[in-house]
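Trainee: Using only what follows, build the 3D model:
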Amino acid sequence: VNPHCADALVCISNCDKITPGMLMAAMRLNIPAIFVSGGPMEAGKTKLSEHKLDLVDAMVIAADPTATDEMVEEYERSACPTCGSCSGMFTANSMNCLTEAIGLALPGNGSMLATHADREQLFL
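Mentor: As a prediction, this is how the structure comes out:
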């Protein structure tokens, strides 16, 4: 960025390790920066469970010795039903919420679902 004398930085991230790296780069460069993410994924659902699913549920059922292969496959297919960063408060979603909380991303950037109709208004 420095050799090209950029006036500002737009950081487009949605995965766990890239957001902290971009945050460190933005602070180090000391130029105006804004973060844009794709938003969190919706939680999954299946007939096999009474509650919404995330990746932890899929890992737990996969480790259960009493679970059948078909049951594990159903959980795995259902755990990530839409676009966005993985459903669950893992690094990607917590970092996107952090960038929103410290003012480096627009309100709703880290907390509004990737598939929500109002998400488009963030970028207009």
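
Trainee: where's the residue nearest the centre of the chain relative to residue 64, distance?
Mentor: In the chain, the residue lying closest to the centroid (Cα atoms, centre = their mean) is residue 85, at 2.9 Å. Separation of residue 85 from residue 64 (Cβ to Cβ, to the nearest Å): 26 Å. Yep, even glycine has a C-beta here, placed from its N, CA and C like the rest.

Trainee: Next: residue 32.
Mentor: Applying Cβ to Cβ to residue 32 and residue 64 gives a distance of 49 Å.

Trainee: Helix or strand next in line after the helix or strand harbouring residue 73, which one?
Mentor: For residue 73, the host element (DSSP states H and E) is helix 69-79. Counting by DSSP H and E, the next helix or strand C-terminal to helix 69-79 is helix 91-101.

Trainee: Now do the same for that next one: mean pLDDT, whole number.
Mentor: Helix 91-101 shows a mean pLDDT of 89.

Trainee: who does the helix holding residue 73 touch, helix- and strand-wise?
Mentor: For helix 69-79, the packing partners by 3 or more Cβ pairs under 8 Å, 6 or more residues apart in numbering; DSSP states H and E come out as helix 55-63.

Trainee: what about the helix it packs on, distance to the chain center?
Mentor: In this view, helix 55-63 has its centroid 19 Å away from the chain centroid, taken as Cα atoms, centre = their mean, to the nearest Å.

Trainee: buried stuff in it?
Mentor: 55, 57-58, 61 (16 or more other Cβ atoms under 10 Å).

Trainee: In contact with the nearest residue to residue 58 once chain neighbours are set aside, which residues?
Mentor: Among residues not flanking residue 58 along the chain, residue 79 sits closest, at 4.0 Å (Cβ to Cβ, 6 or more residues apart in numbering). Residue 79 is in contact with 44, 53-55, 57-58, 87, counting by Cβ atoms under 8 Å, 6 or more residues apart in numbering.

Trainee: Let's see that with 6 Å instead.
Mentor: 44, 53, 55, 58 (Cβ atoms under 6 Å, 6 or more residues apart in numbering).
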